[in-house]
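[1] sequence below, structure please.
(chains A, B, C and D)
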Number of protein chains: 2
Amino acid sequence: MPTSPDACAQEILDVVPVVMRTIRAEMRRHRTADLSVPQFRTLAFIDRQTDASLSDVAEHIGLTLPSMSKIVEGLVARKLVTRQTHATDRRRMMLALTARGQTALQTSREATRACLAEDLAGLTERQRETIGQAMEILRPVFTPQGEVEKQVRKIIER
Amino acid sequence: MPTSPDACAQEILDVVPVVMRTIRAEMRRHRTADLSVPQFRTLAFIDRQTDASLSDVAEHIGLTLPSMSKIVEGLVARKLVTRQTHATDRRRMMLALTARGQTALQTSREATRACLAEDLAGLTERQRETIGQAMEILRPVFTPQGEVEKQVRKIIER
DNA sequence: TATTGTTATACTCTATAACTATA
DNA sequence: TATAGTTATAGAGTATAACAATA
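    Prediction:
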């Protein structure tokens, strides 16, 4: 197997959209929680980091502020997220999950994971290990980072 | 690293959307060709399989017929694809790339691949090999297949 | 003046349902 | 009657630009 950056990029470009299609389709199919991928990721981030600001979420998910604002608006309308203003800096939002939000996240996470897991059950342990390793390699490469972290990483890499 | 189907599914669910974001963003950034991911995939499929029908493309990309119809409509309007009726079965479309379509596909493919490759250049050959292997494992698992092929696979798997 | 967030606007993606044309 | 595709309609995701409120 070729290992040039170009060949690897080509593989990713071929396969990742296909996997993504399946994830979307399966999330849509679970009418219980019925979350889109961005909604799901937003809930997951707020769950990890309670009282995150809108900017925090937008940056981490990799969306613009207006896009994130709209997504959060929808989640608030569905009572999955609460939006409070920060006590001392009243420009900031403090986002948190409601009980319903936590349930929805849990339900969707498990249902989607179960569907994907079913698709993966036909593989060997060795194959799943390879996939897991690849994901762990890809994660930091494509995870958006704050400006500070980016600078730090650049400096470290020199 | 855990190798259960569930753990593997969780990894994919964490990482694939992040990679996808980057792919979309980079495709948008190349104003030369300016293709969305579905447009790109549609062009790529028609390039591989000239005179494909709309149903062929829809099934392979994993979209409904109306969705695919709309995407193709846009590509035809931009003169990247031609749409002719089949000689003997006049219900069928015969889709093909124009010269402009081939150029756009080539341009977009190379620009996006180059950007991804740049992100991957910091990895070791060994790491890229792992990614390549993982993609080759995932490809058949998530590639939509025709009904016949699905049946055949089910039978073989028994 | 800089930062945080929202509103306005516009486009693409995507689905379901209803329809047309052809076989 | 069944198949190939289009049209109608609706909603989500996304961006840029312009704006409002707060620091």
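
[2] where along chain A do the strands fall?
    A:81-85, A:93-97 (DSSP state E).

[3] can you tell me how far the closest residue in space to residue A:134 that isn't next to it in sequence is from DNA strand D?
    Nearest residue to residue A:134 in three dimensions, chain neighbours excluded: residue B:134, at 3.3 Å (CB to CB, 6 or more residues apart in numbering or on different chains). (Each C-beta comes from the backbone N, C-alpha and C, glycine too.) Residue B:134 sits 23 Å away from DNA strand D, taking CB to the nearest atom of the strand, to the nearest Å as the criterion.

[4] give the contact list for residue B:134.
    A:130-131, A:133-135 (CB atoms under 8 Å, 6 or more residues apart in numbering or on different chains).

[5] do the same with residue A:38
    Neighbours of residue A:38 in contact, by CB under 8 Å, 6+ apart: A:61, A:63, A:71.

[6] spatially nearest residue to the residue most central in space within chain A, not counting backbone neighbours?
    What sits nearest the mean C-alpha location of chain A, by CA atoms, centre = their mean, is residue A:41, with 3.6 Å. Leaving aside its sequence neighbours, residue A:41 sits nearest to residue A:61 (CB to CB, 6+ apart; 5.5 Å).

[7] residue A:43 touches residue A:33, doesn't it?
    No - Residue A:43 is beyond contact range of residue A:33, at 9.4 Å (criterion: CB atoms under 8 Å).

[8] relative to chain B, how far out is residue A:36?
    11 Å (CB to the nearest CB, to the nearest Å).

[9] that residue: neighbour count?
    Neighbours of residue A:36 under the rule other CB atoms under 10 Å in any protein chain shown: 14.

[10] what of residue A:46?
    Neighbours of residue A:46 (other CB under 10 Å): 24.

[11] name the nearest of the contacts of residue B:134 relative to residue B:86.
    For the contacts of residue B:134, the residue nearest residue B:86 by CB to CB is residue A:131; the value is 40.8 Å.

[12] which residues sit in contact with the closest one?
    A:120, A:123, B:8, B:11-12, B:134, B:137-138.

[13] many thanks, I have nothing further to ask.
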